[in-house]
Structures are given as C-alpha cells and as structure tokens.
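**Student:** Attaching a predicted model along with its sequence, questions to come.
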Amino acid sequence: MSPLDRLLAETIPIRPQPAPGTQARDHQPSHWTQAQRDAHWQALCDAVGTPGAARPAERVNARQNAA
C-alpha cells in the first residue's frame with residue numbers, strides 16, 4: 001500500500017457524539033442568569049466608557065456552530 005493509499009484510507013475526524021444522558025442542542029443555554037449577563041454587560045460598558053450602551057441582539061449562527 002502506497003503512502004497516498006494509507007492517507008486516503010484514514011478515517012476523517014468528526015465531532016464526537018454527545019455523552020450518554022445528554023441531548024445534542026443547536027445552542028447551549030447560558031450558565032449565567034439574565035441578571036448576571038446584564039450586570040456583566042454594564043460593567044463592560046463602564047470599563048470602555050460607554051455607559052448605557054445597547055446590548056447586541058443575541059443570535060445563533062447555526063452554520064458556524066455546525067462545524
């Protein structure tokens with residue numbers, strides 16, 4: 001078997017299956033409460049000198065996360 005044949009025969013790595021007892025999700029829920037996220041955003045805004053700046057809308061990029 002040539003080196004090229006050995007290379008082509010290798011298994012293509014894929015994302016592992018979820019652990020038993022868990023469910024695969026498109027978007028994992030946040031470990032932070034809404035109040036904690038709000039406080040953190042406010043602290044970030046204060047740190048960069050833009051107090052009261054609007055938070056960006058949360059969005060899920062399914063195409064990017066599917067990789």
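**Tutor:** Sure thing, it's come through. Numbering: from 1, shown residues only.

**Student:** Which helix or which strand is home to A35?
**Tutor:** For A35, the element it lies in under DSSP states H and E is helix 34-48.

**Student:** now for that helix, which elements pack on it?
**Tutor:** Judged by 3 or more C-beta pairs under 8 Å, 6 or more residues apart in numbering; DSSP states H and E, helix 34-48 has no packing partners among the helices and strands. Just so you know, the C-beta spots here come from the backbone N, C-alpha and C atoms, and that holds for glycine as well.

**Student:** residue ranges with poor pLDDT in the chain?
**Tutor:** For the chain, the stretches with pLDDT under 70 are 13-14, 22-30, 59-67.

**Student:** That one: strands as residue ranges?
**Tutor:** Applying DSSP state E to the chain gives no strands.

**Student:** How about residues contacting the helix holding A35?
**Tutor:** 30, 32, 51-53, 55 (C-beta atoms under 8 Å, 6 or more residues apart in numbering).

**Student:** hmm, 10 Å instead?
**Tutor:** 30, 32-33, 50-56, 58 (C-beta atoms under 10 Å, 6 or more residues apart in numbering).
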